[in-house]
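**Q** give me a 3D structure for the following:
(chains A, B, C and D, ligands or ions: 4)
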Amino acid sequence: MPEMPQRCSALFDAYQTGTFGAVPEDGPGIQLAERRGLAIIHLAGPGGDENFRTAVKGCLGCEAPVIPNTTATADGRCLLWLAPTRWLLVSARDAPGDLERDLSAALASHSGAVTDVSSGRTVIRVTGRDARQLLAKGCPLDFHGSRFKPENCAQSILGAINVLLHATGDGTAIDLYCARGFALSMWEWLTDAAGEFGYSIDVAIQG
Amino acid sequence: MNGQPFRNAEGGIIDHDRSLGFTFNGRRHQGFAGDTLASALLASGVRRVARSFKYHRPRGIFAAGEEEPSALVQLRIGARTEPNVRATRVELFDGLVANSQNCWPSVDFDLGAGAAWVSRLMPPGFYYKTFKWPGLLWPAYEHVLRKLAGMGVAPRQADPDRYEHRFAHCDVLIVGGGPAGLSAAIAAGRAGARIIVADDGPEFGGSLAAEAGPIDGAPAREWAAVAVAELTAMPYVTLVRRASVFGYYDHNGLAISEHVADHLAEPLPFQPRQRLWMVRARQVVLATGATERSFVFADNDRPGIMLASAARTYANRFAVRAGRRCVVFTNNDSAYGAAADLAAAGIEVAAVIDARPGDPGPAAAKALGTGIERLAGHAVVATRGGGALTAVEVAPLNESGDSLGGSLRRFDCDLLCVSGGWNPAVQLHAQAQGRPVYDDTLAAFVPGPSVQAERSAGSAKGTFTLAGCLADGMEAGAEAARQAGFEAAETPPVPACEDEGEAAPMRALWSVPPPPGLRRKRFVDLQTDVTQADVELASREGYKSVEHLKRYTTLGMGTDQGRTGNVPGLAVLARSLGADIPQVGTTTFRPPYVPVTMATLAGREIGHHFQPVRRSAMHGWHETAGAAFVPAGLWLRPQFYARPGEGLWDAIYRETVAVRTSVGLCDVSTLGKIDIQGADSAEFLNRVYINAWSKLGIGRCRYGVMLREDGITLDDGTTSRLARNHYLMTTTTANAGAVMGHLEYFLQVVWPELDVHIISVTEEWAAIALAGPDSRKVLERLTDDIDVSNEALPFMGVREGTFAGVPGRLFRISFSGELAYEINVPADYGQHLWEAMLEAGKEFDITPYGTEALGILRTEKGHVVGGELNGRTTADDLGFGRMASSAKEFIGKRSLNRPGLTDENRKQLVGLVPADGKTAIPRGAQIVTDPDQALPNPMIGEVTSACYSPNLETPIGLGIVAAGRARMGETLYALSPMRGKRVAVTVTNPVFIDPEGERLRA
Amino acid sequence: MTRYSIFSLARNALSHHEGWPEAWRSPDPKPSYDVIIIGGGGHGLATAYYLAKEHGITNVAVLEKGWLGGGNTGRNTTIVRSNYELEPNAHFYEHSMKLWEGLTRDLNFNIMFSQRGVINLAHSDPQVDAYMRRGNAMRLNGIDAEFLDREHVQAKVPILDCSTDARFPIMGGLLQPRGGTARHDAVAWGYARGADGHGIDIIQNCEVTGISIEDGRVTGVATTRGPITAKKVGMAVAGHSGHVAAMAGLRLPIESHVLQALVTEPVKPILDTVVTFGAGHLYVSQSDKGELVMGGDIDGYNTYTQRGNLPIIEHVVATAVTFFPIFSRLRVMRTWGGTVDMSMDGSPFICKTPVDGLYLNGGWCYGGFKATPASGWVFAHTIAQDQPHSLNQAFTLDRFALGHTIDEKGMGPVPKAH
Amino acid sequence: MFNIRCPWCGDRPEIEFSYGGDASRSRPDAPETLSDDAWHDYVFIRDNPAGPHAEYWQHTGGCRQWLRALRNTTTHEILATAAPGEPLPLSGERK
Ligand SMILES: Cc1cc2nc3c(=O)[nH]c(=O)nc-3n(C[C@H](O)[C@H](O)[C@H](O)COP(=O)(O)OP(=O)(O)OC[C@H]3O[C@@H](n4cnc5c(N)ncnc54)[C@H](O)[C@@H]3O)c2cc1C
Ligand SMILES: NC(=O)c1ccc[n+]([C@@H]2O[C@H](COP(=O)([O-])OP(=O)(O)OC[C@H]3O[C@@H](n4cnc5c(N)ncnc54)[C@H](O)[C@@H]3O)[C@@H](O)[C@H]2O)c1
Ligand SMILES: Cc1cc2nc3c(=O)[nH]c(=O)nc-3n(C[C@H](O)[C@H](O)[C@H](O)COP(=O)(O)O)c2cc1C
Ligand SMILES: [Zn+2]
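**A** Ligands and ions are numbered 1, 2, ... in the order given. I've put the predicted structure just below:
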């Protein structure tokens, strides 16, 4: 039997690094990069149940946040709040299958569901001084620093596409998650919208 | 200055050193940077600019801003041409080209003006009363009428420019950047509120650019510049220029159209031409100013008649004399300031005609001090001139304003400045559900109590002094900030202004009676050519409601939405009804406050980006393989893969036959996939589907049908049991979203006690159907960890395993009716697997097939899709009646006992074959028993699917036919009069191929 | 009633139009009528007109809470067609079409009925099939219908983007040549004038606030202008059906939603056909005055505000610019909304109610303007005879209980989906 | 362009939500025991009030949770929102 092949991003064919658009003197206002090779696991379960949360933490080292639109990160793993009973687990250091298996095992005695969706999501990181301006072109969230804070997440829409947004780190980079099937449309949307600010497409981030 | 005879050498805020060339009606002219098209035309001495909508009367420039009703031009040429543009809003750029519209052959000699000759025949309502005989001729009349109407022309080419949208949020949105708006911004900004200030002009300051006295001892413009500098330095302040707030929606949602690049010959690369802002504001300050209005008098529409404030703006802001000799006609003090400024600018002011019998206020002193003659208690009653104004006739007015006394006096002049009072711009307040109230002193509507979190300030509120506007603004800004949560917001001190003194009261005067015997048009609404006589006629004929008046006469229905015409219209109506203006009321204020291009509203979601495209993981391969695509919801699916030289049907039949004779593969990733987990999953499925699920074994799958609550079929698909409490449901592509929402509703709202978690995994899995007698052989080459023998993996079995090195799931299900499988792998490996399958199937001549072949295959097998699942069929209609479990409850079951649903005459699924065995059954045909019956011919059924079956080598079809199952063997007729077709068909079993299912179990 | 004719026009032109009489009177309500019609929209006024004309019943009042024609009649996109697939709708709307064709003369009032054709565009093969099925049903019901393939669509509407690589390519269209538009306000005015000419009282600014019932039989109404008794009462209040019916204790299979429309600034003729779309929501025509008149989808929730919101307008306009690229630079001049009575199957009700002498006309969704003449005609019949005409016998309230819904779109009891 | 307060995500614009209709009624626990009339009323009949209206929405452009809102149909004021199982303040609900 053949080797396990490489994962292929939905943006593979369209992805071309370089600098584009109306670039001002002080450089492009936007940087775009795809995050590849992530393990992305959908976790469902009773968020209000202390035991459940303990089991999650025990397995991942990371708390399942109960406050809507917040995230918790530990050790390269991040849990993003999706709904009172749902989270998205994102890890740059695990293989999807392993993570799914470990978590399922840890939660075997709990109500809940662990579902690998690593292939089903495309993740694009948007950074740069005009990042929030760019997103405001199609997303109705308030991107003001006091509203969409570092390590906040939110599900909303961008243009006509459902997205999950995550203000990572100090909030200067925003990760956009969309369904794989819409990835190319979203990419076209972003690159077209970014033209006004000047933008660069950087080498894809592994993890 | 040669080309600009009406330009002063100095003054204004134009750049006298930067001259710009432009073309109007084919003639070259010069203007300066900072000009509008209107100011440049006036500077050049161009008077006649347009022809009116209905009577094609010559019209000139009437205003200096957004309210312009007359000077509408066709701006630019080619793909960027734009009709009905107000010359007063066009910032001049070098090379600008504009033309008069609604005239032929030219604005000076317009054949359309012939309409004026028959205008006596054409009062409002004329069309309703005529063109009825002979009836057939209306279309011919209509054809001619349409050509006469319509003003400018649409572009002929697609728009080369780009348009953007953006969402924005703020504590306080300030609409208008005049003295009131700027002071509101300063107050709110100093309090630390996040604010947006939008003004529709190219720079802030509003009317300060044209008319105000000093503020804090310096020219008002300088105060504005200092204010803007202070605001610019505040981090939380956004100033937007050339930005019209046009819509005030629910929950303080406001829309702005920003003209980013309209002042340029063309936008810079990547620069949008216009941008739509959708703002959510906690608080709003409306500092939108006020619009001056005119009077109704005979021939009050000639070029050369202009609002006094507009003439003043041209003089002060643009250093343009709007005429050589002018008469000012007013009923209030504000025009005296204009008269003084006009005189200072070098226009001879022949007289001020003041409708008020008494003395004006102190503001008049400056003008009268220069020796300008003032006629008190007089009115302009008529005007003279051909294409432009040459003189006015003036007469004394009696006390009630309804008759003239004394003799006419004539003043030669080429400019008549009118000032009939001011209308606060209450439109946005009214859009926000406020109800403007009539103020007798101002003779105008002012904002009433607010419904949303909004307040007006400055002249928008009816405060007409500069000091008052500044004070209003400061107060409103501070108040808005406090309401938005900045409780410590203070009202800044109001800067010092000149004491304007107490204004003398205005005299509410709307229309001036004509001199005896003079029957000339007296316009109420210049843009729609509605006259006083029209209004009176309408009310006489019973169109007395202001809304009827509007619709009968078209008053206020023009591109300016009656900015200058509405209130005079109401006044005339009120008088003819013997009522007060407040009793008559206003018509409804609606968005947009200023016209907004369709492109701006549409943004970037047009053309190919009209809706996002959803693509499967194998999309790239399909594209490279030259597939034709077909939209399926947002997905694009391969329809067929034509080989070079192959026709469409050749390709489709080749693909179909390949599946039945060897093996094919098809991208079925678009089917909805829902992961279901939890202890109550089986119970959940029991409630959702009509059939029973408790006994489905692990590793098995089952076909299910679900209903809507009204008992009609919602969707169908297979659901597999992957583990004890783990299922995977599939839905049709079309209904995937609806089914997901439906299931979530029941889980979250109706049965929250069920321990079930569902999530859509449609996007996670690439799904490939492998179908045909050789499919197992191909499969064997792809996987070595699953025993795919018939015994180990029988029909409707499910296994997990590895395929071409990729972990995935294998379902032995069949849509085509052949021995078939469906493989799911994580989408990132979809293309890899697809290519591996092609490779593995090479020796069996494996053939990719598209939706067309898929459609034929499933029709041959009698499987139902959209045409059959049409939202009107029950499970029983489709032959699934026996699947429905009587032992359990399920969604929709309770509706099934309704008589209409149990009627034995319902349309049931049947197969159809041509009686002659060869004639194609027309798609979309209706089914009748007697093709020759006179119309209406009762239809007992319809063809829901039809195709040629290359496998059976005969046309086949599916249909739903009344009591169809009892009609096996009957001959009926499929009629398609739309295609001129009529085919005798025999009713058969809907499963044409392998009814016993031997192939798929092989 | 003065007849409008060439002669009356000429005569009045000579007297500077000062002699035109009122098109209708503004009487005070009488204490009692044989029939009261609630709602002075097109349907109510047409009902009154036909009660007099066809059934000789003239002791009738039409009670309108605002100004006549100010409801949906005064705010619709004026499209008239009879391109229905299901039998009850097809026959009813075709009857309406025939009445439209003679209406200008019948009313002696030019309602500017303009049969410029209505095209429904298809963007996929299944949609082509569906339109084909509908067109064939129309033809077999004796209604005109044609199928245009892409080239013919392009020839008929040259400004359409018919390119094959469009996001939603145009595969063809169902054309009803006799479809078109009519001047909406004129329809209300023409019927009002006609009814008034038969002595019927049209009473504006008179809101019905209660419906009196004794022993299961209607006896009259309470209004803002006092109580009025009547032997029979017909409700024709469209978007307000729910709360007017509630005055009689009835609950209906209707939700009120807002449908928005817009007009652009006028331009010289560019579109001579009514065009509707199968991808996205849009229908568009160009009025005789030159504006493009457009409508789209309902906002999708219960409301009585008649306002509407921006996102739906954006979508309508984006659809328009996508299919008519040359619309891009034209400007929207006004947007507005109307409260539409969305029924559970998308088809109307013209029927008796459980209360004797009380009749219902409603459930028009966003398509009742074209029904106006036939709706009035059969409603008058139903009221006069106390039984439905064969053309409206399917439009009953009990069709849901009986399972005889008339669901053209097949969307089920989800009003926002019809 | 109104905002709906998602009980979880907070104020979000209407465009993120899908309408689910009248929420003053709730699905009968045991439809099979219901009279035909009562079931018909549940499936097909609506109060359609002009004023406060209890209604379902799903936050489809967000957390995908269903919620109930009390909204005035004559002003679009949202008087309250609540998770499906929670009482809807101010609604005077029947159940
Ligand atoms: C934007 C829009 C576009 C449309 N486009 C089309 C189209 O293109 N083609 C088409 O065929 N249809 C269209 N329609 C639908 C069509 O306008 C309506 O179905 C039709 O006009 C209904 O007429 P009506 O007489 O029943 O109702 P209305 O004209 O609404 O009349 C009902 C009247 O009842 C009055 N009323 C309500 N309550 C009371 C009370 N308590 N007492 C007294 N009076 C009361 C109202 O004030 C109103 O005047 C559209 C609707 C809208 C809103
Ligand atoms: N003498 C009089 O009778 C009289 C009458 C009226 C006004 N005035 C003078 O005019 C000034 C009025 O000041 P103000 O601040 O109230 O008004 P303003 O006219 O100076 O400023 C209003 C500004 O708002 C802008 N605007 C209006 N609607 C807008 C919209 N929807 N979107 C974006 N921008 C919009 C206008 O273009 C303008 O720039 C004062 O100086 C006052 O004395 C005098
Ligand atoms: C077919 C049609 C054409 C219209 N054309 C215009 C128009 O040319 N100018 C205009 O201002 N409004 C036009 N309107 C809109 C009306 O002004 C008005 O907004 C609509 O009748 C709803 O009434 P309301 O806004 O008073 O509530 C038109 C409306 C319809 C139905
Ligand atoms: Zn939410």
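**Q** these two touch, right, B:Lys785 and B:Gly801?
**A** Lys isn't right for residue B:785; it's Asp. Yes. Applying CB atoms under 8 Å, one finds B:Asp785 in contact with B:Gly801, separated by 4.6 Å. The way it works is simple: take the backbone N, C-alpha and C, and place the C-beta from them, glycine included.
**Q** so for these two, which residue has more residues nearby?
**A** B:Gly801 (18 against 11; other CB atoms under 10 Å in any protein chain shown).
**Q** which SSE is that one in?
**A** strand B:798-803 (DSSP states H and E).
**Q** C-terminal to that strand, what's the next element?
**A** Taking DSSP H and E, what comes next after strand B:798-803 is strand B:806-811.
**Q** list the beta-bridge partners for B:Gly957.
**A** B:Leu912, B:Ala946 (DSSP bridges).
**Q** could you measure it against ligand 2, distance?
**A** Computed as CB to the nearest ligand atom, to the nearest Å, the B:Gly957 to ligand 2 distance reads 60 Å.
**Q** run through the residues of chain D sitting next to ligand 4.
**A** D:Cys6, D:Trp8, D:Cys9, D:His59, D:Gly62, D:Cys63 (CB under 5 Å from the ion).
**Q** ok, 6 Å please
**A** Chain D comes close to ligand 4 at residues D:Cys6, D:Trp8, D:Cys9, D:His59, D:Gly62, D:Cys63, D:Gln65, as judged by CB under 6 Å from the ion.
**Q** which one of the residues you listed sits closest to ligand 1?
**A** Nearest to ligand 1 among the residues of chain D next to ligand 4: D:His59, at 28.2 Å, using CB to the nearest ligand atom.
**Q** apart from its chain neighbours, what residue comes closest to the closest one?
**A** Among residues not flanking D:His59 along the chain, D:Cys6 sits closest, at 4.9 Å (CB to CB, 6 or more residues apart in numbering or on different chains).
**Q** and that neighbour, what pLDDT?
**A** In this model, D:Cys6 is scored at 98, pLDDT.
**Q** and chain A, is the helix or strand that B:His165 is a member of touching that?
**A** Using DSSP H and E, the element containing B:His165 is strand B:163-175. Yes. Contact of strand B:163-175 with chain A (CB under 8 Å from any CB of the partner chain) involves B:Glu164, B:His165, B:Arg166, B:Phe167, B:Ala168, B:His169.
**Q** find the nearest non-adjacent residue to B:Leu404, please.
**A** B:Leu404 sits nearest to B:Ala395 (CB to CB, 6+ apart), 4.4 Å away.
**Q** pretty sure the one you found sits against B:Ser407.
**A** Yes. If you go by CB under 8 Å, B:Ala395 and B:Ser407 touch, sitting 7.2 Å apart.
**Q** what's opposite A:Cys78 in the beta bridge?
**A** Counting by DSSP bridges, the residues bridging with A:Cys78 are A:Thr73, A:Val90.
**Q** residue contacts, it?
**A** A:Cys62, A:Thr71, A:Ala72, A:Leu89, A:Val90, A:Ser91, A:His166 (CB atoms under 8 Å, 6 or more residues apart in numbering or on different chains).
**Q** now, which of those residues sits nearest chain C?
**A** A:His166 (25.5 Å; CB to the nearest CB).
**Q** what lines up beside the one helix or strand the closest one maps to in the sheet?
**A** Using DSSP H and E, A:His166 sits within strand A:161-168. Strand A:161-168 pairs in its sheet with strand A:153-158 (antiparallel), strand A:173-179 (antiparallel), by DSSP bridges.
**Q** which element follows the last one toward the C-terminus?
**A** Moving toward the C-terminus from strand A:173-179, the next helix or strand (DSSP H and E) is helix A:183-194.
**Q** I'd like to check the angle between that following helix and strand B:163-175, please.
**A** 60 degrees (axes from the mean of the first three to the mean of the last three CA atoms, to 10 degrees).
**Q** spell out which parts of the stretch 151-300 of chain C neighbour ligand 3.
**A** C:His184, C:Val263, C:Ser287, C:Lys289, C:Glu291, C:Val293 (CB under 6 Å from any ligand atom).
**Q** so which of the residues you listed are in strands?
**A** C:Val263, C:Val293 (DSSP state E).
**Q** any chance of the residues of the stretch 151-300 of chain C next to ligand 3 in TSV, with pLDDT and neighbour count too?
**A** Shown next, in TSV, are these (pLDDT from 0 to 100; neighbours: other CB atoms under 10 Å in any protein chain shown):
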residue	pLDDT	neighbour count
C:His184	97	25
C:Val263	98	20
C:Ser287	95	21
C:Lys289	92	20
C:Glu291	96	24
C:Val293	98	22
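**Q** out of the residues of the stretch 151-300 of chain C next to ligand 3, which is nearest to C:Asn120?
**A** Relative to C:Asn120, the closest of those is C:Val293; by CB to CB it sits at 16.9 Å.
**Q** gap between that closest one and chain D?
**A** 23 Å (CB to the nearest CB, to the nearest Å).
**Q** these two touch, right, that residue and C:Thr78?
**A** Yes. Using CB under 8 Å, C:Val293 is in contact with C:Thr78, at 6.9 Å.
**Q** what residues are shared contacts of the two?
**A** C:Ser285, C:Ser287.
**Q** returning to what we had before: what about the residue nearest to B:Leu404, neighbour count?
**A** Residues near B:Ala395, counting by other CB under 10 Å: 22.
**Q** phi and psi next, for it.
**A** phi -150, psi 160 (degrees, to the nearest 10).
**Q** picking up where we left off before, got the buried residues for the following helix or strand past the strand holding B:His165?
**A** Scanning forward in sequence from strand B:163-175 by DSSP H and E, the next helix or strand is helix B:179-190. For helix B:179-190, burial by neighbour count (16 or more other CB atoms under 10 Å in any protein chain shown) applies to B:Pro179, B:Ala180, B:Gly181, B:Leu182, B:Ser183, B:Ala184, B:Ala185, B:Ile186, B:Ala187, B:Ala188, B:Gly189, B:Arg190.
**Q** roughly how far apart are the first one and B:Pro495?
**A** By that I understand B:Pro179. With distances taken as CB to CB, to the nearest Å, B:Pro179 is found 9 Å from B:Pro495.
**Q** identify the contacts common to the two.
**A** The contact lists of B:Pro179 and B:Pro495 share B:Ile215, B:Leu470, where a contact means CB under 8 Å, 6+ apart.
**Q** looking at chain B, which residue is nearest ligand 4?
**A** Closest contact between chain B and ligand 4, by CB to the ion, is at B:Gln748 (11.8 Å).
**Q** can you check my assumption that that residue lies in a helix?
**A** Yes. Assessed with DSSP: H, G, I helix; E, B strand; the rest coil, B:Gln748 lies in a helix.
**Q** up against ligand 1, what does chain D have?
**A** Close to ligand 1, as judged by CB under 6 Å from any ligand atom, chain D has no residues.
**Q** so what's the residue of chain D found nearest ligand 1 up against?
**A** The nearest approach of chain D to ligand 1 comes at D:Ala50, 9.9 Å away (CB to the nearest ligand atom). Going by CB under 8 Å, 6+ apart, D:Ala50 touches C:His240, C:Gly242, C:His243, C:Ser256, C:Tyr304, D:Thr73, D:Thr74.
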